[in-house]
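> Next input, structure requested:
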Amino acid sequence: MLIPCCAWAQGLDGSALGVSWGLPFAGLLLSIALCPLVTPGVWHRHYGKIAAFWAAAFLIPAALLFGPQVALLTAAHALLEEYLPFIILITTLFVVAGGIFIGGNLHGTPARNTGLLALGTLLASVMGTTGAAMLMVRPVIRANDNRRHGAHIMVFFIFLVANAGGALTPLGDPPLFLGFLQGVDFFWTLRHIFPETLFLCLSLLALFYLVDSFYYHRREEILAEDPTPDSPVSVTGKLNFLLLAGVVGLVLLSGLWKPGIAWSVLGVELELPGLVRDVGLIAIILLSLALTPAAARAGNAFSWAPVIEVAKLFAAIFITMIPAIAMLRAGESGAFAAVIRAVTDPAGRPIDAMYFWASGLLSSFLDNAPTYLVFFNTAGGDAKTLMTTLASTLAAISCGAVFMGANSYIGNAPNMMVKAIAEERGIKMPSFFGYMLWSGAVLVPLFLLMTFIFFR
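Next up is the predicted model:
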């Protein structure tokens, strides 16, 4: 639910960049993947410094080769126009959802867990994947704190609540909100990718029920002592539901209100609607912290560690992916020309299956919002044509960008936050590559099946 416009990637001429400019981004990804396994103590103490090193590995050569001004302006665009709104929104949802405590012991049976994931999936298109994930993750963890195995629950939670569930409205996921700003009708995705979303979500819920049943019925799966005592289900911190509605309202306002007022800071045009949104979100954070009963945050074992980790890592991600986005935006003049050519047949007609996979695979590791915009423009960039004549192509781009954000921990911001919260609560989550084994085994076969059903 951001307004990414990729202006920060325009400071570099993507056609003049070689693939070697992607090495800092690749190095950052490998650090996130390998350091927790190889040197866990060093990583947990110094991950911020390691992330800063890779950001510098792009910025310093860029300053030397293209000039300090170009490096400064591209970094300013990435941080002021994209990263700060991103982290303000993420922090707001984290704080507000962390102030809603759902008490009682839900006892996580396979059927009840499936119901909780289904509820979170439905909420994702209403309050966004981040909002739904932050609201539901702690109750799901608490419902299963008497079980020995919880990682598979969190993995499917990321698949469904943090990704697939956000596909039905522009509020659900940033790429769709960006399409809305480009002129795509608010209810277009609900009308045109509902079958794909329903197929994927029902398939994942059915698979989850089978996997969770396998673990649930294993000997000694249930701990002798349940850490959560039995008590009636209750909700503390209900005021935060109103604050969540305020978050949705501010995000919509920033996309619809066009007063034409802006200020330039380091070459970045800061528009009044975005500033009002960000100031309003900060006010909501302060209100939530001031008005939420202490018992609600204590019950959720609320701490700042997960959002601090996301803030540090994604600051470096936004910086190091600048050249990759610039090369994509260069189209057939850039290093990713083969990707751009692959989505069109010799007659110039779009190949829907290739749009689905190209937008999806790149969204698995790059920010899915600018990736969506690149392929939106590659397909012509005219919303009216894409909603009608090329509706199947726009559906393929939308599905790829939203669904395949679940392929890796960094494919969508809530993925990393769910992982951090789960680990903070004692759940041993899969490593970066371990998670991709799950996504490769569960998601990729479903995406292949969807290709033959929906995008032939």
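
> tell me the contacts of residue 60?
Under the criterion of Cβ atoms under 8 Å, 6 or more residues apart in numbering, the contact list for residue 60 reads residue 71. Quick note: C-beta positions are derived from backbone N, CA and C, even for glycine.

> what's the nearest residue to residue 309 if we skip its chain neighbours?
residue 420 (5.2 Å; Cβ to Cβ, 6 or more residues apart in numbering).

> Mind telling me what element the one you found is part of?
Using DSSP states H and E, residue 420 maps to helix 413-424.

> Show me what the helix or strand just after that helix packs onto, helices and strands only.
Using DSSP H and E, the helix or strand that follows helix 413-424 in sequence is helix 432-454. Counting by 3 or more Cβ pairs under 8 Å, 6 or more residues apart in numbering; DSSP states H and E, the packing neighbours recorded for helix 432-454 are helix 23-38, helix 151-160, helix 194-216, helix 352-363, helix 391-403.

> Can you verify my assumption that residue 326 contacts residue 14?
Yes. Counting by Cβ atoms under 8 Å, residue 14 is a contact partner of residue 326 at 3.6 Å.

> Please identify every residue contacting each of the two.
Common neighbours of residue 326 and residue 14 (Cβ under 8 Å, 6+ apart) are residue 334.

> Could you pull up the contacting residues of residue 93?
128, 130, 131, 134, 244, 247.

> Can you tell me the closest non-neighbouring residue to residue 136?
The shortest distance from residue 136 to any non-neighbouring residue, by Cβ to Cβ, 6+ apart, is to residue 120 (3.9 Å).

> For that neighbour, give me the pLDDT.
Predicted confidence (pLDDT) for residue 120: 95.

> Please, where are all the strands along the stretch 201-350 of the chain?
234-236, 262-265, 268-271 (DSSP state E, counting those that start in this stretch).

> among those strands, which is the most enclosed?
When you average the neighbours per residue for each of those (mean count of other Cβ atoms under 10 Å), strand 268-271 leads with a mean of 16.

> Contacts for that strand, please.
Counting contacts by Cβ under 8 Å, 6+ apart, the residues outside strand 268-271 that touch it are 7, 76, 77, 80, 81, 261, 262, 263, 264.

> Redo those residues as CSV? Include pLDDT.
Below are the contacts of strand 268-271 laid out as CSV (pLDDT from 0 to 100):
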residue, pLDDT
7, 43
76, 88
77, 85
80, 86
81, 80
261, 89
262, 85
263, 87
264, 83
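
> Pick out whichever of those residues sits closest to residue 320.
For those, the closest approach to residue 320 (Cβ to Cβ) belongs to residue 77, at 14.2 Å.

> The closest one and residue 264 touch, don't they?
No. In terms of Cβ under 8 Å, residue 77 does not count as a neighbour of residue 264; the distance is 11.6 Å.

> Any idea which of the strands of the stretch 201-350 of the chain gets closest to residue 30?
Proximity to residue 30 (Cβ to Cβ) singles out strand 268-271 among the strands of the stretch 201-350 of the chain, at 30.4 Å.

> any low-confidence regions in the stretch 201-350 of the chain?
Where the stretch 201-350 of the chain drops to pLDDT under 70, the residues are 224, 226.

> Tell me which stretches of it form helices.
Taking DSSP state H, counting those that start in this stretch as the test, the helices found in the stretch 201-350 of the chain are 239-256, 272-291, 294-299, 305-320, 322-329, 337-342.

> which parts of the fourth one are buried?
To tie it back to what came earlier, the one meant is helix 305-320. 306-307, 309-320 (16 or more other Cβ atoms under 10 Å).

> residues making contact with that helix?
Against helix 305-320 from outside (Cβ under 8 Å, 6+ apart): 24-25, 28, 32, 47-48, 51-52, 54-55, 57-59, 75, 78-79, 82-83, 86-87, 90-91, 94, 367, 410, 413, 416-417, 420-421, 424.

> Narrow those to just the buried residues.
Counted by 16+ other Cβ under 10 Å, the contacts of helix 305-320 give 24-25, 28, 32, 47, 51, 54-55, 57-59, 75, 78-79, 82-83, 86-87, 90-91, 94, 367, 410, 413, 416-417, 420-421 as buried.

> quick revisit: now, which of the contacts of strand 268-271 sits nearest residue 392?
For the contacts of strand 268-271, the nearest to residue 392 is residue 7 (29.8 Å; Cβ to Cβ).

> Leaving out the residues flanking it, which one is nearest to residue 43?
Nearest one to residue 43, counting by Cβ to Cβ, 6+ apart, is residue 35 at 3.9 Å.

> List the contacts of the one you found.
Here residue 35 is in contact with 42, 43, 47, 50 (criterion: Cβ under 8 Å, 6+ apart).

> Scan this protein for its longest helix.
Longest helix in the chain, counting residues (DSSP state H): helix 110-143.

> So which elements touch that one?
helix 84-97, strand 101-103, helix 151-160, helix 194-216, helix 239-256, helix 413-424.

> Now the fourth one: buried residues?
Under the neighbour-count criterion of 16+ other Cβ under 10 Å, helix 194-216 has 196-197, 200-201, 203-205, 208-209, 211-212, 215-216 buried.

> Check the third one too.
Buried positions in helix 151-160, judged by neighbour count with 16+ other Cβ under 10 Å: 151, 152, 153, 154, 155, 156, 157, 158, 159, 160.

> tell me what the helix or strand just after that helix is packed against?
Next helix or strand after helix 151-160 toward the C-terminus (DSSP H and E): helix 174-181. Helices and strands touching helix 174-181, by 3+ Cβ pairs under 8 Å, 6+ apart, are helix 188-192, helix 239-256, helix 368-378, helix 391-403.

> got the CA positions of helix 174-181 in PDB?
The C-alpha coordinates for helix 174-181 follow below in PDB (Å, rounded to 0.1, in the frame of the first residue of the first chain):
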ATOM      1  CA  PRO A 174       1.600  -2.300  -3.500                       C
ATOM      2  CA  PRO A 175       1.600  -3.500  -7.100                       C
ATOM      3  CA  LEU A 176      -2.100  -3.400  -7.400                       C
ATOM      4  CA  PHE A 177      -2.300   0.000  -5.700                       C
ATOM      5  CA  LEU A 178       0.200   1.300  -8.200                       C
ATOM      6  CA  GLY A 179      -2.000  -0.100 -11.000                       C
ATOM      7  CA  PHE A 180      -5.000   1.700  -9.400                       C
ATOM      8  CA  LEU A 181      -3.000   5.000  -9.600                       C
END
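
> What about residue 346, how many residues nearby?
The tally of other residues near residue 346 (other Cβ atoms under 10 Å) stands at 5.

> Same question for residue 285.
Residue 285 has 19 neighbouring residues, counting by other Cβ under 10 Å.

> Next one: it from residue 133, what distance?
Per Cβ to Cβ, to the nearest Å, residue 285 is found 18 Å from residue 133.
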